[in-house]
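Asks: Coordinates for the following, if possible.
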Amino acid sequence: MTVFFEGVPSTYTTNDVQELFAQFGTVKSTFLVTRRTGQSLCFGEVTFLSLREARQAVMVLNGKEILGKVVKASIANTDHDPERAS
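Replies: So this is what the prediction gives:
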């Protein structure tokens, strides 16, 4: 299950994002959108092994302030994902 996020600090790397989300479960993949220079654009997505883990991450991180920036997190709208129906 995929979680979209925005508002992480611009100093965060993909590893930082993965570390942030890993506290909620098994992270299958992490994608942080960056400029060609490698500088973070502060948004991206994280895919978890389960819907339960993704929901927990959203519940805790959505609205959380990190280094002066407010993180927004939400479950991706993936109607074709059979796990979403559970």
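
Asks: Show residues contacting the longest helix belonging to the chain.
Replies: Across the chain, the longest stretch assigned as helix under DSSP state H is helix 51-61. Residues from elsewhere that reach helix 51-61 (Cβ atoms under 8 Å, 6 or more residues apart in numbering): 1-3, 5, 20-21, 24-26, 46, 48, 71, 73-75, 83-84, 86. To be clear about C-beta, it is placed using only N, CA and C from the backbone, and glycine gets the same treatment.

Asks: Sketch out the helices for the protein, chain order is fine.
Replies: Under DSSP H, the chain gives helices at 14-22, 51-61.

Asks: for the record, mean pLDDT for the shortest one?
Replies: For helix 14-22, the mean per-residue pLDDT is 97.

Asks: How about the longest one?
Replies: Taken as a whole, helix 51-61 has an average pLDDT of 98.

Asks: buried stuff in that helix?
Replies: Going by neighbour count (16 or more other Cβ atoms under 10 Å), the buried part of helix 51-61 is Glu53, Ala54, Arg55, Gln56, Ala57, Val58, Leu61.

Asks: what's the distance between the fourth one and Val70?
Replies: Going from Gln56 to Val70 by Cβ to Cβ, to the nearest Å gives 19 Å.

Asks: How about the first one?
Replies: Separation of Glu53 from Val70 (Cβ to Cβ): 22 Å.

Asks: ok, now the fifth one?
Replies: The span separating Ala57 from Val70 equals 16 Å under the rule Cβ to Cβ.

Asks: Off-centre distance for stretch 61-75?
Replies: Once both centres are worked out by Cα atoms, centre = their mean, to the nearest Å, stretch 61-75 turns out to sit 10 Å from its chain's centre.

Asks: now do stretch 5-20
Replies: Its chain's C-alpha centre and that of stretch 5-20 lie 8 Å apart, by Cα atoms, centre = their mean.

Asks: Buried residues, it. List them.
Replies: Within stretch 5-20, the residues that count as buried by 16+ other Cβ under 10 Å are Phe5, Glu6, Gly7, Val8, Tyr12, Asp16, Val17, Leu20.
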